[in-house]
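*Asks:* I'll drop the sequence and a predicted model, then ask my questions.
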Amino acid sequence: MSNKLPFAALFIATIIYGLTNILLRYAGKEHYFSIIFFVLFFSTIMFLPILKTSGRLREVGSHKKLKLIVLLGFFVSATWFLIYFAIMNTSVANAVLGYMTTPIFVIVLSPFLLKEHVNKPIIAALCLALLGVLLIFDPRNLVKSIAPIGIISGILAGFASAMVEIIGRKLKDDYSPFSLTFLGTAVGMLFMFPAFLLEGAAIPDVTTILIIIVLGLGGISGGTLLYYGLKHILAQSTSIILLLEPFVSIVAAFILFVEIPSSLTILGAILLAIADVIIIQKQP
């Protein structure tokens, strides 16, 4: 197997997540918990045939590493809810910028939780990537739509996403990417169910359900690719590669809405590309 396949998987996951950020805006914000519950519910249902075809049902039914699986489900549901809440309560740019703190949390926590060594190339790549993200969104525009609750939610989503990556890396030898995707969404759905009931068990309209199904497809495909990447690549490197996500959103906005990127956005994209080249070259 080519050692470039995990990188390709992560790049595709980045494209999926970048498009998902845009689609979340159209899900409506009347019932936060209901929306996320149904995203995870449809994700679980849609992934069952894939899991059966892959022959991983027995692996899912085992009780090994049960505590970590429960934690994975909790942080999967928390990531979905927090980024959705952030996007609905501030601009997409501010929400995603807060979410892009994920690699900072991963790099801080991975030496303790994963015993991964933090080296100078990783730090250099992180600095370049974060600067690139900031330039893509143009700091002059960010202050126009500051909403503290949305930004805080975005940062918390970054922490939750970091924990998903760390736990996924810890479980790489015990579960396949298919099993981790299914277990993360299924257990996450169970965590969302009580909140869904307390919110009034609201059923979305047909248009929203269609959006939710597409979000669910994005979640399970992106999740599978993410766990595949984590099986072969350090969590620190994975989180930096995924920082290309906002650039994908910018490109999608250009294609869909003919929004011309600024010179700062182009410079930010170049810095992100350089950061990813550093990661790929230094990957053991």
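*Replies:* That came through, no problem.
*Asks:* continuing past the helix or strand bottoming out on mean pLDDT in the chain, what's the next helix or strand?
*Replies:* None of the helices or strands of the chain scores lower by mean pLDDT, DSSP states H and E than helix 139-142, at a mean of 62. Downstream of helix 139-142, the first helix or strand assigned by DSSP states H and E is helix 148-170.
*Asks:* any idea of the mean pLDDT for that following helix?
*Replies:* The average pLDDT for helix 148-170 rounds to 91.
*Asks:* what about the helices in the stretch 151-284 of the chain?
*Replies:* Secondary structure of the stretch 151-284 of the chain (DSSP state H, counting those that start in this stretch): helices at 177-198, 206-232, 235-241, 245-257, 263-282.
*Asks:* in the stretch 1-150 of the chain, where is pLDDT below threshold?
*Replies:* Low-confidence segments of the stretch 1-150 of the chain, defined by pLDDT under 70: 1-2, 29-30, 137-147.
*Asks:* quick check: the residue in the chain sticking out farthest from the centre vs residue 37, distance?
*Replies:* For the chain, the residue at maximal distance from the C-alpha centroid (Cα atoms, centre = their mean) is residue 200, at 27.6 Å. Going from residue 200 to residue 37 by Cβ to Cβ, to the nearest Å gives 12 Å. Yep, even glycine has a C-beta here, placed from its N, CA and C like the rest.
*Asks:* residue 270 too?
*Replies:* For residue 270 relative to residue 37 (Cβ to Cβ), the value is 40 Å.
*Asks:* more neighbours, the two?
*Replies:* Per other Cβ atoms under 10 Å, whichever of residue 270 and residue 37 has more neighbours is residue 37, with 29 against 13.
*Asks:* what residues are up against the more buried one?
*Replies:* 189, 192, 193, 195, 196 (Cβ atoms under 8 Å, 6 or more residues apart in numbering).
*Asks:* out of those residues, who's nearest residue 134?
*Replies:* Ranked by distance to residue 134 (Cβ to Cβ), these are led by residue 192 at 32.3 Å.
*Asks:* check which helix or strand the residue nearest to that closest one when sequence neighbours are not counted maps to.
*Replies:* In this structure, residue 192 finds its nearest non-sequential neighbour in residue 37, 4.1 Å apart by Cβ to Cβ, 6 or more residues apart in numbering. Element membership of residue 37, judged by DSSP H and E, is helix 32-53.
*Asks:* which helices and strands sit right next to the very next helix or strand once past that helix?
*Replies:* Next helix or strand after helix 32-53 toward the C-terminus (DSSP H and E): helix 57-61. In terms of contacts (3 or more Cβ pairs under 8 Å, 6 or more residues apart in numbering; DSSP states H and E), helix 57-61 is packed against helix 177-198.
*Asks:* the residue farthest from the centre of the chain touches residue 31, doesn't it?
*Replies:* Yes - if you go by Cβ atoms under 8 Å, residue 200 and residue 31 touch, sitting 7.3 Å apart.
*Asks:* residues in contact with residue 50?
*Replies:* Residues near residue 50 by Cβ under 8 Å, 6+ apart: 178, 220.
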